[in-house]
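When you get a sec, could you give me coordinates for this:
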Amino acid sequence: MNLVIVESPTKAKTIQRFLSGEFSVKSSYGHVRDLPKGKLGVDVEHDFEPQYVISLLARKRIGEIKKSLPKATKVILASDEDREGEAIAWHLTQAFKLDPKKTERIVFHEITKKAIDSALKNPRAIDMNLVDAQQARRILDRLVGYELSPFLWRKVAKGLSAGRVQSVAVRLIVEREREIQNFKTEEYWTIEALLKKQNNAEEFIATLIKENDKPLEKLAIKNEAEAKKILENLENSQWRVASVEQKEIKKYPAPPFTTSTLQQEAYRKLRFSAKQTMQIAQQLYEGVDMGSEGSAGLITYMRTDSLNLANDALAEIRSYVLKEFGKNYAPPSSRIYKTKTKGAQEAHEAIRPTDIWRAPERIQKFLTPQQFKLYGLIWKRALACQMTPALLNLTVADIEAKKDNAQNSYTFRASGTQIKFDGFLRVYGSKIQENILPALKIKEVLDLIKLNPLQHFTQPPARYSEASLIKVLEANGIGRPSTYAPIISTIQDRNYVQKDANRKLMPTEIGFTVNDLLVEHFPKIVDLKFTAHMEEDLDKIAEGQEKWVPVVREFYEPFKKNLTEKYEEVKKQKAEPEPTDKLCPKCGKPLVIRTSRFGKFYACSDFPKCRHTENINNFKGPACPKCIEGDIVAKRTKKGKMFYACSRWPDCDFALWDKPTNEKCPECGSLLVETAKGKIKCSNKECRFKNKTSPDLSLN
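Okay, the predicted model is just below:
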């Protein structure tokens, strides 16, 4: 019997379907060994030797695998093909003390019979360069986290933690927020003309772009008075077509998805968080129950920065395009994309369906709504990237407005777009809104219907969304495909960053404080170029060009020296508690305002004798429907997650995860709550009332 070990039970189930009875597939449930919790676990005096341990939970799981080892003639390690997967395979050899002569390592980019059979025919040894790269990252992150976090506890607030790459992400968000805070709004105006051909009812809009043949900058018309002056100058002008330019342009499809672009597009089109996207993609990769067909992996490996597509996949997609859309939609040859991402693993593949003939609608009944949406996005993008470009007809007409014998003249521009051939847009792409101009001839006189002066104000840069932050991280070489989602998730879990009403990322008060301290005293930790350089060093380790111990030492020794000095140099950042007129309900002493990693809170001034604390609630909710005596207030769990509970908690145990409104359900009279997505629903789980648009309450 050949024993195949993978990370997840779902993956095991899918692979087992492709193998004969001589193979038994077991799951390790991820890592079986890791650095210990509660202590550093790295011997900094002896080449940073890691002290790996097997957790109690893992011991129980690997116990089942151990029972199968004596019967196994060969052990095949089939964890994922990235650094993390390679490390898992190596840890399995160490945990089980596997005989190298009876152990094989296989990798595959998709979970299909063809891919599994090919992998079994081409086993290899464990790539220790990849293992060392993952090990170096883990040790670097542990050194920063376990040595810098206590510094933050002492100088700012207990419970804080610092991450090597996460701190850079927080810095980007903090700096963007300060750009917004310091932004000075400027007023400016634009002028539009509503025109039409003579003896023709077809109207179109042209915008002022020049005065006396001099281009007008965006802020050229600064106020209403200047706009009115131009309107006065335009009175009784003759409007004549000065030039007409027509051209055909090609709009090419975007390349297939990488991890980064999938997370960005899923956020924009589906409103999925990066974490949610990766969880759903993992399910599609590892296998979905397809009824009588059994479990099947629907997409290729979802942690990749490559734009390559396998030759077989290219041929399959081309065949689908020709059959379903015709030869006009298939380019002369397959389109090959080259990534511009630094350090990309070109040997890998982009994210694509394992079988392009599995159209989303055909398999929808086997998928959850979220799986269907994400699979559809991946399927359409892979298909579209091998289709012909769209052809667009663009028309640009300049119209001169001038009075007879006047020196002043003004030029307005009208633009038109018409889709000549939809190409890949038939499958995927942003909707192009056609704007067809009437046929215009040079020197043709036009009729002015009216002039519209429009007031505008310059806008500050937007806060980062998850999508735009991932794009910036990737552009700066910060992180790798497997780290984008954990970075964003971690900085929110630590309460350094939270989402505003528009789901954009904004720093919390404690996020500002920690970032400013790190920028001032540990600039390398939050420096984009330095962090990107560390990623390059990790890549070199993975490629066998560098050894991991010197790389870690080069970082750690100056970091440790600086940290030791800063313990003496840096004064405590936490401000003195703010006095209040509130009294402690337990001892009667005054309450003061203190700061924790979750923000400000009320605490007894007689601490530590009296340990009473209260949330500072800006939220004013309705009366508690359970005890009537208390009010609904906002609270936090120990991990910082917001919930809403009776002010008499825990004496009254009424609590909700969703934010209550001040309205009652028209169906059952229970409290209405607002979900994270802005939808209104009844807090009573047995009530069917749901409302998708907050202001207009209606039964659905």
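
Centre of the chain to the biggest helix by length in the chain, how far?
In the chain, with assignment by DSSP state H, the single longest helix is helix 128-155. From the chain centre to the centre of helix 128-155 is a distance of 23 Å (CA atoms, centre = their mean, to the nearest Å).

How about stretch 312-327?
For stretch 312-327, the distance to the chain centre is 31 Å (CA atoms, centre = their mean).

Now do whatever helix or strand comes next after the longest helix of the chain and helix 128-155, the angle between them.
Counting by DSSP states H and E, the next helix or strand C-terminal to helix 128-155 is helix 166-182. Angle, helix 166-182 to helix 128-155, by axes from the mean of the first three to the mean of the last three CA atoms, to 10 degrees: 50 degrees.

What average pLDDT does the helix or strand that helix 166-182 is followed by get?
Next helix or strand after helix 166-182 toward the C-terminus (DSSP H and E): strand 187-197. Across strand 187-197, pLDDT averages out at 97.

Given strand 187-197, what are its sheet partners and their directions?
Using DSSP bridges, strand 187-197 pairs in its sheet with strand 203-211 (antiparallel), strand 445-457 (antiparallel).

Which SSE is immediately downstream of the helix or strand residue 12 falls within?
Residue 12 is part of helix 9-18 when elements are defined by DSSP H and E. Counting by DSSP H and E, the next helix or strand C-terminal to helix 9-18 is strand 23-27.

What is that next one packed up against?
Contacts defined by 3 or more CB pairs under 8 Å, 6 or more residues apart in numbering; DSSP states H and E place strand 23-27 against strand 2-6, helix 9-18, helix 56-68. For every residue, glycine as well, the C-beta is placed using N, CA and C.

partners of that strand, with directions?
strand 2-6 (parallel).

Run the angle between the partner strand and helix 56-68 for me.
160 degrees.

residues in contact with strand 2-6?
Strand 2-6 has contacts (CB atoms under 8 Å, 6 or more residues apart in numbering) with 12, 15, 19, 22-28, 65, 68-69, 71-79, 92.

what do you get if the cut-off is 6 Å, keeping everything else the same?
Identification of contacts with strand 2-6 by CB atoms under 6 Å, 6 or more residues apart in numbering yields 12, 22-28, 68, 72, 74-78, 92.

If any of those are buried, put those into a ChimeraX selection.
The buried residues among the contacts of strand 2-6 can be selected in ChimeraX (16 or more other CB atoms under 10 Å) with this line:
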select :12,23,24,25,26,27,28,72,74,75,76,77,78,92
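
Not counting sequence-adjacent ones, nearest residue to residue 503?
residue 465 (6.7 Å; CB to CB, 6 or more residues apart in numbering).

Verify the contact between the one you found and residue 500 for me.
No: contact criterion CB atoms under 6 Å: residue 465 and residue 500 do not qualify, at 10.3 Å.

The two: which is more packed in?
With neighbours defined as other CB atoms under 10 Å, residue 465 and residue 500 compare such that residue 465 has more, 17 against 9.

Could you pull up phi and psi at the more buried one?
Main-chain dihedrals, residue 465, degrees, to the nearest 10: phi -90, psi 170.

Report the residue spans of the stretch 501-650 of the chain with pLDDT below the cut-off.
573-576, 597, 617-620, 638-640 (pLDDT under 70).

mind checking which helix or strand the residue lying closest to residue 474 once chain neighbours are set aside is in?
Ranked by CB to CB, 6+ apart and with sequence neighbours excluded, the top spatial neighbour of residue 474 is residue 260, at 4.7 Å. In this assignment (DSSP H and E), residue 260 forms part of helix 259-270.

For that helix, name the packing helices and strands.
helix 274-286, helix 466-475 (3 or more CB pairs under 6 Å, 6 or more residues apart in numbering; DSSP states H and E).

Need the three-state assignment for the residue lying closest to residue 549 once chain neighbours are set aside.
In this structure, residue 549 finds its nearest non-sequential neighbour in residue 47, 4.9 Å apart by CB to CB, 6+ apart. Counting by DSSP: H, G, I helix; E, B strand; the rest coil, the backbone at residue 47 sits in coil.

Look up the pLDDT of the closest residue to residue 270 other than its chain neighbours for me, please.
Spatially, and ignoring its direct neighbours in sequence, residue 270 is nearest to residue 373 (5.2 Å; CB to CB, 6+ apart). Note for residue 373: predicted pLDDT of 97.

relative to helix 259-270, how tilted is the helix or strand where residue 373 lies?
For residue 373, the host element (DSSP H and E) is helix 369-384. Inter-element angle recorded for helix 369-384 and helix 259-270: 120 degrees (by the same axes, to 10 degrees).

What strands flank the helix or strand following helix 369-384, and is each parallel or antiparallel?
The first helix or strand that comes after helix 369-384 along the chain, using DSSP H and E, is strand 390-402. Partners of strand 390-402 in the sheet, by DSSP bridges, are strand 238-251 (antiparallel), strand 409-421 (antiparallel).

how about CSV for those strands, with mean pLDDT added?
As requested, those are exported to CSV (pLDDT from 0 to 100):
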stretch, mean pLDDT
strand 238-251, 96
strand 409-421, 96
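
ranking the strands paired with strand 187-197 by burial, who's on top?
strand 203-211 (a mean of 18; mean count of other CB atoms under 10 Å).

got a markdown table for the helices and strands packed on helix 259-270, with mean neighbour count and mean pLDDT too?
Shown next, in a markdown table, are those (neighbours: other CB atoms under 10 Å; pLDDT from 0 to 100):
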| stretch | mean neighbour count | mean pLDDT |
| --- | --- | --- |
| helix 274-286 | 22 | 96 |
| helix 466-475 | 21 | 95 |
